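Novice: Quick one: sequence and predicted model below, then my questions.
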Amino acid sequence: MSDAQIVAFGAVSALGGQWDAVSAGDVGSRAMCAIERDDELAGVGLRNPFAARVRGIDGGDRGTALLRRALGGCAASLDRDRPGWRSERVGLIIGTSSGGMRAAQAAFDAIADGGTVSDPERMMYFGPVAAAAREFRMVFDPAIVVLAACASSTMAVGLGVRWLERQSCDVVLVGGYDEVGTLVAAGFESLRVITARAPPRPFRVGRDGTVLGEGAAAIALARRSPSSLGFVLGFGATSDSGHLTAPDRQGLGLARAATLALAEARASNVDLVSVHGSATPFSDASEALALQKALGGPSARLAVVHPFKAQIGHTMGASGALELLTCVDAIRRGVLPAAAGDGELDPDAPARMLEVTQPGTPRVALKLSSAFGGSNAAIVVAGESAFAAPRSRRPAYVVRAVHRALSVPRGELATALRMPIERIVRADELVRLALSSVLLLQVSHGSLRGAGLVVGTPLATLETNALFAKQMREHGARSVWPRLFPYTSPNAVAGEVSSAFGLTGPCFSVGGGLHAGLEALAAAAVLVESGDAERMVVVAVDDAGPVTEMLAGGTLTSGSVASLVQRDPSGAFARVADISLRRGVVARGDGTAGHKALMPLTLPRPPSTLECSSPPDADASITFESL
């Protein structure tokens, strides 16, 4: 059982700030809804121009502004309730789905017009986190940017718990953020997952999709604090290892994630379930099946289901953390929250949803998240804890890595993976490079089936995003290619690799800077140490095209390195020892670009320490103990 406590938080959503942003509602009231017709989305011609906007932020870099608000609120609460926290060892693990996409779109348009980009960092997936973190003028270690699409902040919470258990930090700030921009909104609409009649109607007959929202949440976790708002008792993460954008129809992957979290929490009863609740026909039905499998039929029918996205929109990278805080609010105030939406409940997606908020005594809540790439994450939160000792830390061993400078030719790759050639052609080069290196890893080390996966990708999908932005410029927001949009998500790499190799463990991407390969290796090691996986595949990958080459100053080259972190020492060259992932320091030298950070692991005698600096303010190192 985890003993992580929620000691402070900062939050902002379309409903307001702090507790207003995540309110479980007042007794006797219907669920408040902040979804409206959106002028910006209507202005580019989208058919379903609805969104849930945070007020008081005018254009510009909305993602960074949202994250600053959340982190500022969390810091103010810590200053009040935990004086001296700034002198403690503090970690920062933040998730996002689209990062600095609004700035990136503006940059792509400027480049297309022959212009230049004066501040490349703003458009990176890690840009808003780097900018917001600098304002603290302190060192965060570990500092990780999770790119697990719409499961990002739920995954960040789980990783924060594991880093606390490792005793690598005293306090860790976890959460996520996302803004709503036209490029992302056009992509979601192209997939036909945006409702034509707002607000969304999760788990009801006739539901036809979600609405995007924006927001941010930062949650401070610590161990054995004298005061707390709640306890994170369990965490589970899995991969569907199936379709890139559609959920497993039987909900098997999500059910396994929930079961793992409940088992760690030792929770026999769940009073409240904060569902992913995207209100698409297949997703809600799949989630209902997952709940029945994880909770059992009778318990699944008794637990109150709360689909918060129907109130504040789908806040993507922020959704898991915001929705988790709503569970905390319900537990601390003793209420069972009402569900937004109207219409008959779907008998094929059974859920106990309330018309108005009712008094109650919820003690244990389950938060579920799913995402592009088939990533699933679950968190169990409660108002009390028995302070049982967390699971003991196990050694994590690493095997010698393999490297691919070029992707395997498409026909050969399709044959080797027994995949349709159309699927290989449809994927972007980032995916093909990752598939090629993991194929070589499997040839070297045998079947990888059942392992987890972490992908480190510093500049992520910028080349694919630039192509998608070009489509939007040339054809309009209504005519973007739906088959391309999923590959604008950095988590698409993790999804396609997990599907190709049967990787069903924790599955996600990271990318906090040019040291992203070390981030991936470190995260994989911590998950193996904590018992969340027996084996974790680690991939560091770069797709260097004209846009990334220009932004990286010509230092980035394409390529992919794959390794394996495992519990079993057989075939390994060393045990993972010390890990440092710092942000807020002056980095050494010019750094090592992308996948090159893991290249030393491909040597016949890998070094005892990997180091990588990521200008201007991140620094990472991992030390190994030889066997």
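Specialist: Arrived safely, thanks for sending.
Novice: Please enumerate the helices of the stretch 401-550 of the chain.
Specialist: 410-417, 421-426, 429-445, 462-475, 491-501, 516-529, 546-551 (DSSP state H, counting those that start in this stretch).
Novice: Looking at those, which is nearest to Ile94?
Specialist: Closest to Ile94 of the helices of the stretch 401-550 of the chain is helix 516-529 (CB to CB; 12.2 Å). Where you see a C-beta, it was placed from the backbone N, CA and C, and this is true even at glycine.
Novice: Helix 491-501 and the closest one, what's the angle between them?
Specialist: 50 degrees (axes from the mean of the first three to the mean of the last three CA atoms, to 10 degrees).
Novice: Show me how far helix 516-529 is from its chain's centre.
Specialist: 15 Å (CA atoms, centre = their mean, to the nearest Å).
Novice: for it, what is the average pLDDT?
Specialist: Mean pLDDT, helix 516-529: 97.
Novice: Let's see it as CSV, backbone CA atoms only.
Specialist: Taking C-alpha atoms only, helix 516-529 is exported to CSV below (Å, rounded to 0.1, in the frame of the first residue of the first chain):
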residue,chain,number,x,y,z
ALA,A,516,14.4,12.4,-22.7
GLY,A,517,16.2,9.1,-23.2
LEU,A,518,17.5,9.2,-19.6
GLU,A,519,14.0,10.2,-18.4
ALA,A,520,12.6,7.1,-20.1
LEU,A,521,15.3,4.8,-18.6
ALA,A,522,14.9,6.3,-15.2
ALA,A,523,11.1,6.0,-15.2
ALA,A,524,11.3,2.4,-16.4
ALA,A,525,13.8,1.5,-13.7
VAL,A,526,11.6,3.0,-10.9
LEU,A,527,8.5,1.1,-12.2
VAL,A,528,10.5,-2.2,-12.1
GLU,A,529,11.8,-1.4,-8.7
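Novice: Gly91: which of the helices of the stretch 401-550 of the chain is closest?
Specialist: Across the helices of the stretch 401-550 of the chain, closest to Gly91 is helix 516-529 (CB to CB), at 11.3 Å.
Novice: ok, then the element right after the helix or strand where Gly175 lies?
Specialist: Assigned by DSSP states H and E, Gly175 belongs to strand 171-178. Next along the chain after strand 171-178, taking DSSP H and E as the criterion, comes helix 182-190.
Novice: immediately after that following helix, which helix or strand?
Specialist: Helices and strands here follow DSSP H and E; after helix 182-190, the next one along the chain is strand 212-213.
Novice: Point out the other helices and strands that that following strand packs with.
Specialist: Using 3 or more CB pairs under 8 Å, 6 or more residues apart in numbering; DSSP states H and E, the elements in contact with strand 212-213 are strand 50-52, helix 182-190.
Novice: which residue is nearest the middle of the chain?
Specialist: Residue closest to the average C-alpha location in the chain (CA atoms, centre = their mean): Ser152, at 1.4 Å.
Novice: The closest residue to that residue other than its chain neighbours: neighbour count?
Specialist: In space, and not counting its chain neighbours, Ser152 is closest to Gly95: 2.7 Å by CB to CB, 6 or more residues apart in numbering. For Gly95, the tally of surrounding residues (other CB atoms under 10 Å) stands at 37.
Novice: what angle separates the helix or strand encompassing Gly95 from helix 516-529?
Specialist: Here Gly95 sits within strand 90-96, counting by DSSP H and E. Calculated by the same axes, to 10 degrees, strand 90-96 forms an angle of 100 degrees with helix 516-529.
Novice: Show me the domain layout of the chain.
Specialist: 4-58+148-182+193-382, 397-626 (automatic domain parsing).
Novice: got those as JSON lines, with distance to Leu67 columns?
Specialist: Converted to JSON lines, the domains of the chain look like this (distance: least, CB to CB, whole Å):
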{"stretch": "domain 4-58+148-182+193-382", "distance to Leu67": "4"}
{"stretch": "domain 397-626", "distance to Leu67": "13"}
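Novice: my read: His595 touches Gly517, true?
Specialist: Yes: between His595 and Gly517 a contact is recorded at 5.8 Å, counting by CB atoms under 8 Å.
Novice: Would you mark the buried spots in stretch 92-111?
Specialist: Across stretch 92-111, burial judged by 16 or more other CB atoms under 10 Å covers 92-108, 111.
Novice: State the distance from the residue lying closest to Arg478 once chain neighbours are set aside to Leu221.
Specialist: Distances taken as CB to CB, 6+ apart put Gly45 closest to Arg478, at 5.4 Å, once the chain neighbours are dropped. The gap separating Gly45 from Leu221 is 43 Å, by CB to CB, to the nearest Å.
Novice: Compare the two (neighbour count), which wins?
Specialist: Leu221 (27 against 13).
Novice: and the direction of the helix or strand in which that one is found versus that of strand 90-96, what angle?
Specialist: According to DSSP H and E, Leu221 maps onto strand 215-223. For strand 215-223 against strand 90-96, the angle by the same axes, to 10 degrees is 150 degrees.
Novice: how about the closest residue to Ile57 other than its chain neighbours, secondary structure?
Specialist: Leaving aside its sequence neighbours, Ile57 sits nearest to Ala65 (CB to CB, 6+ apart; 4.9 Å). Classification of Ala65 by DSSP: H, G, I helix; E, B strand; the rest coil places it in helix.
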